[in-house]
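Student: pasted the sequence and its predicted model underneath.
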Amino acid sequence: MAEQEAGNRREGARFEIASLRFDARGLIPAIAQARSGEVLMMAWMNAESLGETLATGQVTYWSRSRSELWRKGATSGHVQRLVELRVDCDRDCLLLIVDQIGPACHTNRPSCFYTAVRDGAEVVLTEPA
């Protein structure tokens, strides 16, 4: 009952980035999903990248390999426009509903999840465009 009351209190409350549960590195997983429901990719965000995403509507991630903000599509033109931000029940994972322009994956595929495991073998589902 207390959990339900806490959830009800959040309803209509102003969203605060600080209310999220970031990991020890200050990161939170973010799953990008098209309006159609197709899962496009998973990347990491920090408070700064999330703030920029909310301010501009253009999805911005945190690049762990480069230790810098990564504006999706800045070099490829394959941008993601934020439609809706969703927070999971534990507040430690984000779901970004996006309008994807061009392929989401750096391999030039619509989704990064183009490999399935079937009967113990990997099967490529989508070839690059």
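Tutor: Thanks, I have it. As the structure is a computational prediction, the values presented were derived from the model and not from experiment.

Student: all helices for this structure, in order.
Tutor: Chain-ordered helices for the chain, with DSSP state H as the definition, fall at 2-10, 47-56.

Student: low-confidence ranges in the chain?
Tutor: 1-10 (pLDDT under 70).

Student: okay, strands next: where are they in it?
Tutor: For the chain, the strands defined by DSSP state E occupy 28-34, 39-45, 60-63, 68-71, 80-87, 94-100, 115-118, 121-124.

Student: make TSV from these and add distance to G51 and mean neighbour count to it.
Tutor: Where C-beta positions appear, they are placed from N, C-alpha and C, glycine not excepted. As requested, the strands of the chain are arranged in TSV below (distance: least, C-beta to C-beta, whole Å; neighbours: other C-beta atoms under 10 Å):
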stretch	distance to G51	mean neighbour count
strand 28-34	12	19
strand 39-45	9	20
strand 60-63	9	20
strand 68-71	10	16
strand 80-87	12	16
strand 94-100	13	19
strand 115-118	33	9
strand 121-124	37	9
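
Student: nearest to L54 among these would be which one?
Tutor: The closest of these to L54 is strand 80-87. By C-beta to C-beta, the value is 7.0 Å.

Student: contacts for that closest one next, please.
Tutor: 15, 20, 32, 35, 40, 53-54, 57-59, 72-73, 93-101, 104 (C-beta atoms under 8 Å, 6 or more residues apart in numbering).

Student: go again using 6 Å as the cut-off
Tutor: A32, T53, G57, V59, K72, L95, I97, V98, D99, Q100 (C-beta atoms under 6 Å, 6 or more residues apart in numbering).

Student: could you do stretch 18-29 as well?
Tutor: Against stretch 18-29 from outside (C-beta under 6 Å, 6+ apart): W44, M45, N46, R91, D92, C93, L94.

Student: and it, which residues are buried?
Tutor: L20, F22, L27, I28 (16 or more other C-beta atoms under 10 Å).

Student: related to what we said a few turns ago, need the max-distance pair from the contacts of strand 80-87.
Tutor: G57 and L95 (16.2 Å).

Student: re earlier: quick check, nearest of the buried residues of stretch 18-29 to S65?
Tutor: L27 (12.7 Å).
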